[in-house]
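1. How does the following fold in three dimensions:
(one chain, ligands or ions: 1)
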Amino acid sequence: DLNDWHSALRAQFPIITGHPELAYLDSAATAQKPQAVLDAVRDYLTTSNANAGRGTYPWANRTTGLIEETRERVRTFLDDPDPAGSTVHFVSGTTEGLRTVALDWLTRELSDGDEIVVPFADHEANVSPWLEAVESLAREGTRVTVREMPYQSSSGDYDTEKLRELVSPRTRFVAVTHVHHVYGGDMNVHRVRRAVGPDVVICLDAAQSVGHLPVSMRALDVDFTVFSGHKALALPGSGAVWARGVRGAPFAPRGWSGTPNTVGIASLGAALDWLERAGPERIERWTVDLAARLTDGLSRLAAFEVLGCQLSLAEDSSVQRRHGIVTFRHRDIDSVDLGFILFSHGFMVRTDGLCQGRAGEKRSSVRVSLHAYNSRQEVNRLLDVLTGLA
Ligand code: PMP
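-> Next comes the predicted model:
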């Protein structure tokens, strides 16, 4: 049953079991690492550490092999429908990955008069690279029109009906996000392909979904997917860009000539293995349930406002799911003060602005973000403390 599964899983995170007085509720910023990932890092560094593709001795060969194996693991983990045709390019994280797609692919691909669609209320990392690409093209005399991705005001996901109307024969590219980093909402990316048609390139920011729920290239029908290893239980500096044999020019990133982050890539392979065994569907059920409990509890407290509050109840599929992220504010207590109060009770939460792109919420707030290792007890204790402040 899910409770037993969770207890066994939580026991595998030394930093969690080593600090029973604390509750880590900031996994959207970065996630904790299971013992299997710590072991893989130690194992790599104590048995095979070498540079990749540079030597004929066993450590160098093992390192090169490890990188290729991790590439295959990324493909499998993302349910790649055509592993022979896709590219997996390692980057430091989502920020660098999206920038690489913008500068090493999009700028080469666009022509005068083309249009792209940008999600202005998503994370800044999924807004600025596209605008900078357009600005750099404009300096060379290539004019590209930027359209704003339409959102549904009630549910906060993309308005694919309006998107369909906005797409023209000149639309070449659409940037989207799988799970929103402020509201935790599922953005319903699976509806985007039908709205834009078969020829538009779709790039997915999966920073908040890889490791939290099944992420299937087959199901989503996107062309690029970018994620951060450190949010998916691996080390910082270990993200990836997955690109299918894209429409138009192939994805040919620069910068694969230097030394890769071999240790990070080793940790990413181990993390994806671990996640596969833990089961992305079960992790999703667990964190969606925790977030629904927290949202429900908060919605009963008049002193708190939950951002995007219509995202709630996990069991009702007609309502948008909230994937393990709940952002809220207190009517009277400043959010930074609230963060200090919560830490005095052992809760580690995010309390400043949340890097939301240009169209976002500007007032400060508290963000609680959950991963598989978080427990119902932690959420209940948090609700007790918040009730005391209401
Ligand atoms: N996109 C989203 C949706 C995110 O939540 C984040 C991290 N907060 C990023 C991009 C940037 O990720 P990173 O800092 O790992 O580059």
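
2. Spell out the secondary structure type for residue 240.
-> Here residue 240 is recorded as strand under DSSP: H, G, I helix; E, B strand; the rest coil.

3. Offset the numbering so it begins at 41, please.
-> Shifting the count to begin at 41 puts that one at residue 280.

4. which residues touch stretch 43-51?
-> Residues from elsewhere that reach stretch 43-51 (Cβ atoms under 8 Å, 6 or more residues apart in numbering): 56, 57, 318, 322, 326, 412, 413, 415. Placement of C-beta: from N, CA and C, glycine included.

5. Can you read off the pLDDT for the residue lying closest to the third one once chain neighbours are set aside?
-> Leaving aside its chain neighbours, residue 318 sits nearest to residue 49 (5.9 Å; criterion: Cβ to Cβ, 6 or more residues apart in numbering). Confidence per residue is given as pLDDT, and for residue 49 that number is 98.

6. and what of residue 357?
-> For residue 357, pLDDT reads 42.

7. next one: residue 315
-> Note on residue 315: pLDDT of 98.

8. what does the stretch 91-240 of the chain put close to the ligand?
-> 133, 134, 135, 163, 165, 166, 217, 221 (Cβ under 6 Å from any ligand atom).

9. any chance of the residues you listed in CSV, plus neighbour count, pLDDT and secondary structure?
-> Converted to CSV, these look like this (neighbours: other Cβ atoms under 10 Å; pLDDT from 0 to 100; DSSP: H, G, I helix; E, B strand; the rest coil):
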residue, neighbour count, pLDDT, secondary structure
133, 22, 97, coil
134, 26, 98, helix
135, 21, 97, helix
163, 23, 95, strand
165, 22, 97, helix
166, 26, 97, helix
217, 27, 98, strand
221, 26, 93, coil
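
10. Looking at those residues, which two lie furthest apart in space?
-> Spatially, the most separated pair among those is 133 and 217, at 14.7 Å (Cβ to Cβ).

11. List the contacts of residue 55.
-> Counting by Cβ under 8 Å, 6+ apart, residue 55 has contacts 64, 72, 73.

12. number of nearby residues for the nearest residue to residue 294 once chain neighbours are set aside?
-> Distances taken as Cβ to Cβ, 6+ apart put residue 144 closest to residue 294, at 5.7 Å, once the chain neighbours are dropped. Neighbours of residue 144 under the rule other Cβ atoms under 10 Å: 17.

13. Report the contact partners of residue 144.
-> Per Cβ under 8 Å, 6+ apart, neighbours of residue 144: 291, 292, 293, 294.

14. Distance to the ligand for the contacts of stretch 43-51 - can I get that in a markdown table?
-> Below are the contacts of stretch 43-51 laid out as a markdown table (distance: Cβ to the nearest ligand atom, whole Å):
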| residue | distance to the ligand |
| --- | --- |
| 56 | 21 |
| 57 | 26 |
| 318 | 21 |
| 322 | 22 |
| 326 | 20 |
| 412 | 17 |
| 413 | 19 |
| 415 | 23 |
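
15. Could you pull out the helices in the stretch 41-190 of the chain for me?
-> For the stretch 41-190 of the chain, helices defined by DSSP state H, counting those that start in this stretch occupy the ranges 42-50, 54-57, 75-87, 98-117, 134-141, 147-149, 168-179.

16. out of those, deepest packed?
-> Highest mean neighbour count of the helices of the stretch 41-190 of the chain: helix 134-141, a mean of 24 (counted as mean count of other Cβ atoms under 10 Å).
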